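give the three-dimensional model of this entry:
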Amino acid sequence: MSKVTADELNRCLPQTQCGECGYPGCRPYAEAIIHGKATIDACPPGGVATLHALAGVMQLDPKPYEDEVKANTRPPQQAVIREAECIGCTKCLPACPVDAIIGASKQLHQVIAHECTGCGLCVEPCPVDCIDMIELPTPAYNKDIAEKRFEAKNIRALKEAQAKERSYQAKRHLKQNDEDKQAKKAYILEALKRAGGK
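Numbering: from 1, shown residues only. Below you'll find the model as predicted:
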(Lines give C-alpha, C1' and ligand atoms only; values in the text may rest on other atoms or scores of the structure.)
Protein backbone atom coordinates (compact mmCIF):
# COMPACT_ATOMS: atom_id res chain seq x y z
CA MET A 1 0.00 0.00 0.00
CA SER A 2 1.26 3.46 -0.84
CA LYS A 3 1.76 5.82 2.07
CA VAL A 4 -1.46 7.54 3.19
CA THR A 5 -1.27 11.34 3.24
CA ALA A 6 -2.90 13.92 5.48
CA ASP A 7 -4.57 15.35 2.37
CA GLU A 8 -6.35 12.04 1.72
CA LEU A 9 -7.63 11.86 5.30
CA ASN A 10 -8.55 15.54 5.37
CA ARG A 11 -10.79 15.01 2.33
CA CYS A 12 -12.74 12.43 4.37
CA LEU A 13 -13.47 14.89 7.18
CA PRO A 14 -16.53 17.20 7.34
CA GLN A 15 -14.52 20.45 7.52
CA THR A 16 -16.60 21.79 10.42
CA GLN A 17 -13.32 22.91 12.07
CA CYS A 18 -15.10 22.45 15.42
CA GLY A 19 -12.20 21.04 17.44
CA GLU A 20 -14.39 18.32 18.98
CA CYS A 21 -11.74 15.78 17.98
CA GLY A 22 -9.28 17.53 20.28
CA TYR A 23 -7.40 19.23 17.45
CA PRO A 24 -7.77 22.81 16.14
CA GLY A 25 -9.34 21.85 12.83
CA CYS A 26 -9.86 18.96 10.46
CA ARG A 27 -6.41 19.01 8.87
CA PRO A 28 -4.54 18.93 12.22
CA TYR A 29 -6.71 15.92 13.15
CA ALA A 30 -5.83 14.23 9.84
CA GLU A 31 -2.14 14.87 10.51
CA ALA A 32 -2.48 13.45 14.03
CA ILE A 33 -3.96 10.24 12.60
CA ILE A 34 -1.07 9.96 10.12
CA HIS A 35 1.45 10.31 12.97
CA GLY A 36 -0.35 7.79 15.19
CA LYS A 37 -1.41 10.40 17.74
CA ALA A 38 -5.16 10.07 17.11
CA THR A 39 -7.60 7.32 16.22
CA ILE A 40 -10.19 7.38 13.42
CA ASP A 41 -13.19 7.58 15.77
CA ALA A 42 -12.87 11.14 17.13
CA CYS A 43 -15.14 13.15 14.80
CA PRO A 44 -18.65 13.62 16.29
CA PRO A 45 -20.04 15.70 13.38
CA GLY A 46 -18.67 13.22 10.85
CA GLY A 47 -20.24 10.20 12.49
CA VAL A 48 -20.20 6.72 11.02
CA ALA A 49 -19.83 7.94 7.43
CA THR A 50 -16.56 9.71 8.30
CA LEU A 51 -15.40 6.73 10.36
CA HIS A 52 -15.90 4.44 7.35
CA ALA A 53 -14.20 6.89 4.98
CA LEU A 54 -11.17 7.19 7.26
CA ALA A 55 -11.06 3.41 7.81
CA GLY A 56 -11.18 2.86 4.05
CA VAL A 57 -8.21 5.12 3.41
CA MET A 58 -6.24 3.71 6.36
CA GLN A 59 -7.26 0.12 5.50
CA LEU A 60 -8.57 -0.45 9.01
CA ASP A 61 -11.63 -2.32 10.26
CA PRO A 62 -14.19 0.29 11.42
CA LYS A 63 -16.36 -2.21 13.35
CA PRO A 64 -14.55 -1.91 16.70
CA TYR A 65 -15.27 1.83 16.67
CA GLU A 66 -18.83 1.88 15.36
CA ASP A 67 -20.84 1.65 18.61
CA GLU A 68 -18.94 4.47 20.29
CA VAL A 69 -19.06 6.64 17.18
CA LYS A 70 -22.84 6.13 16.87
CA ALA A 71 -23.25 7.13 20.54
CA ASN A 72 -21.16 10.29 20.09
CA THR A 73 -22.40 11.39 16.66
CA ARG A 74 -24.11 14.76 16.60
CA PRO A 75 -26.43 15.89 13.81
CA PRO A 76 -25.59 18.75 11.45
CA GLN A 77 -26.11 22.15 13.07
CA GLN A 78 -26.26 25.80 12.17
CA ALA A 79 -25.78 28.90 14.31
CA VAL A 80 -28.62 31.40 14.48
CA ILE A 81 -28.31 34.80 16.18
CA ARG A 82 -31.40 36.12 17.92
CA GLU A 83 -31.41 39.60 16.41
CA ALA A 84 -33.36 41.36 19.17
CA GLU A 85 -30.76 40.32 21.74
CA CYS A 86 -27.52 40.90 19.79
CA ILE A 87 -25.54 43.85 21.23
CA GLY A 88 -22.93 43.96 18.47
CA CYS A 89 -20.00 43.10 20.73
CA THR A 90 -18.11 41.34 17.86
CA LYS A 91 -16.86 38.56 20.17
CA CYS A 92 -18.36 35.87 17.94
CA LEU A 93 -16.52 37.10 14.83
CA PRO A 94 -13.00 35.87 15.68
CA ALA A 95 -14.45 32.64 17.10
CA CYS A 96 -15.90 31.55 13.77
CA PRO A 97 -13.27 29.42 12.00
CA VAL A 98 -14.74 30.03 8.53
CA ASP A 99 -15.79 33.70 8.77
CA ALA A 100 -19.48 32.81 8.47
CA ILE A 101 -20.61 35.65 10.76
CA ILE A 102 -20.86 39.23 9.55
CA GLY A 103 -21.25 42.35 11.64
CA ALA A 104 -19.53 45.38 13.08
CA SER A 105 -19.14 46.90 16.52
CA LYS A 106 -22.51 47.93 17.99
CA GLN A 107 -24.28 46.63 14.86
CA LEU A 108 -26.45 43.56 14.46
CA HIS A 109 -24.51 40.41 13.58
CA GLN A 110 -25.81 37.73 11.25
CA VAL A 111 -24.79 34.21 10.32
CA ILE A 112 -24.30 33.45 6.63
CA ALA A 113 -26.42 30.30 6.72
CA HIS A 114 -24.90 28.48 3.74
CA GLU A 115 -21.36 29.04 5.06
CA CYS A 116 -21.90 28.10 8.72
CA THR A 117 -20.37 24.68 9.46
CA GLY A 118 -22.27 24.32 12.73
CA CYS A 119 -19.10 24.10 14.82
CA GLY A 120 -20.69 25.96 17.74
CA LEU A 121 -17.52 27.88 18.59
CA CYS A 122 -19.39 31.20 18.46
CA VAL A 123 -21.75 30.28 21.32
CA GLU A 124 -19.38 30.46 24.30
CA PRO A 125 -17.85 33.92 23.68
CA CYS A 126 -21.29 35.56 23.32
CA PRO A 127 -21.81 37.59 26.54
CA VAL A 128 -25.59 37.79 26.14
CA ASP A 129 -26.15 34.17 25.07
CA CYS A 130 -28.06 35.16 21.92
CA ILE A 131 -26.73 32.40 19.63
CA ASP A 132 -28.66 29.16 19.22
CA MET A 133 -27.46 26.01 17.49
CA ILE A 134 -30.29 24.46 15.52
CA GLU A 135 -30.25 20.93 14.12
CA LEU A 136 -30.49 20.39 10.38
CA PRO A 137 -31.45 17.28 8.41
CA THR A 138 -28.32 17.68 6.26
CA PRO A 139 -25.34 20.08 6.33
CA ALA A 140 -26.09 23.43 4.65
CA TYR A 141 -22.48 24.28 3.82
CA ASN A 142 -20.10 23.15 1.10
CA LYS A 143 -17.17 21.41 2.79
CA ASP A 144 -14.67 22.33 0.06
CA ILE A 145 -15.54 26.02 0.43
CA ALA A 146 -15.43 25.68 4.24
CA GLU A 147 -11.92 24.22 4.04
CA LYS A 148 -10.75 27.10 1.82
CA ARG A 149 -12.32 29.71 4.12
CA PHE A 150 -10.66 28.08 7.16
CA GLU A 151 -7.27 28.11 5.44
CA ALA A 152 -7.74 31.72 4.32
CA LYS A 153 -8.62 32.82 7.85
CA ASN A 154 -5.57 31.05 9.27
CA ILE A 155 -3.29 32.66 6.68
CA ARG A 156 -4.78 36.08 7.44
CA ALA A 157 -4.37 35.54 11.19
CA LEU A 158 -0.74 34.51 10.68
CA LYS A 159 -0.03 37.60 8.55
CA GLU A 160 -1.68 39.84 11.15
CA ALA A 161 0.39 38.25 13.92
CA GLN A 162 3.59 38.67 11.88
CA ALA A 163 2.75 42.32 11.14
CA LYS A 164 2.07 42.92 14.84
CA GLU A 165 5.39 41.33 15.76
CA ARG A 166 7.25 43.41 13.14
CA SER A 167 5.59 46.57 14.48
CA TYR A 168 6.54 45.63 18.04
CA GLN A 169 10.15 44.93 17.02
CA ALA A 170 10.36 48.23 15.11
CA LYS A 171 9.08 50.17 18.13
CA ARG A 172 11.47 48.29 20.38
CA HIS A 173 14.35 49.08 18.02
CA LEU A 174 13.40 52.78 17.94
CA LYS A 175 13.19 52.84 21.72
CA GLN A 176 16.56 51.11 22.00
CA ASN A 177 18.09 53.60 19.55
CA ASP A 178 16.60 56.49 21.52
CA GLU A 179 17.95 55.04 24.76
CA ASP A 180 21.38 54.60 23.11
CA LYS A 181 21.32 58.22 21.92
CA GLN A 182 20.35 59.43 25.38
CA ALA A 183 23.11 57.35 26.97
CA LYS A 184 25.69 58.69 24.48
CA LYS A 185 24.51 62.24 25.09
CA ALA A 186 24.74 61.77 28.85
CA TYR A 187 28.23 60.25 28.49
CA ILE A 188 29.44 63.20 26.35
CA LEU A 189 27.95 65.75 28.75
CA GLU A 190 29.57 63.98 31.68
CA ALA A 191 32.93 63.89 29.83
CA LEU A 192 32.66 67.59 28.98
CA LYS A 193 31.78 68.36 32.59
CA ARG A 194 34.83 66.43 33.79
CA ALA A 195 37.05 68.13 31.20
CA GLY A 196 35.76 71.56 32.19
CA GLY A 197 36.43 70.89 35.85
CA LYS A 198 40.15 70.28 35.31
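
which parts of the protein belong to which domain?
Under the assignment automatic domain parsing, the domains of the chain span 6-72, 77-135, 142-198.

centre of the chain to the first one, how far?
Distance, stretch centre to chain centre, for domain 6-72: 18 Å (C-alpha atoms, centre = their mean, to the nearest Å).

between the two ends of that domain, how far is it?
24 Å (C-alpha to C-alpha, to the nearest Å).

export the domains of the chain to a markdown table and tack on mean neighbour count?
The C-beta positions use only the backbone N, C-alpha and C, and glycine is treated the same way. Shown next, in a markdown table, are those (neighbours: other C-beta atoms under 10 Å):
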| stretch | mean neighbour count |
| --- | --- |
| domain 6-72 | 18 |
| domain 77-135 | 17 |
| domain 142-198 | 11 |
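
shaky segments in the protein?
Within the chain, the stretches with pLDDT under 70 are 1-2, 174-175, 177-180, 197-198.

for it, which segments count as helices?
6-12, 26-34, 47-58, 63-72, 92-95, 143-197 (DSSP state H).

could these go into a markdown table alongside distance to residue 104?
Below are those laid out as a markdown table (distance: least, C-beta to C-beta, whole Å):
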| stretch | distance to residue 104 |
| --- | --- |
| helix 6-12 | 33 |
| helix 26-34 | 29 |
| helix 47-58 | 36 |
| helix 63-72 | 37 |
| helix 92-95 | 9 |
| helix 143-197 | 17 |
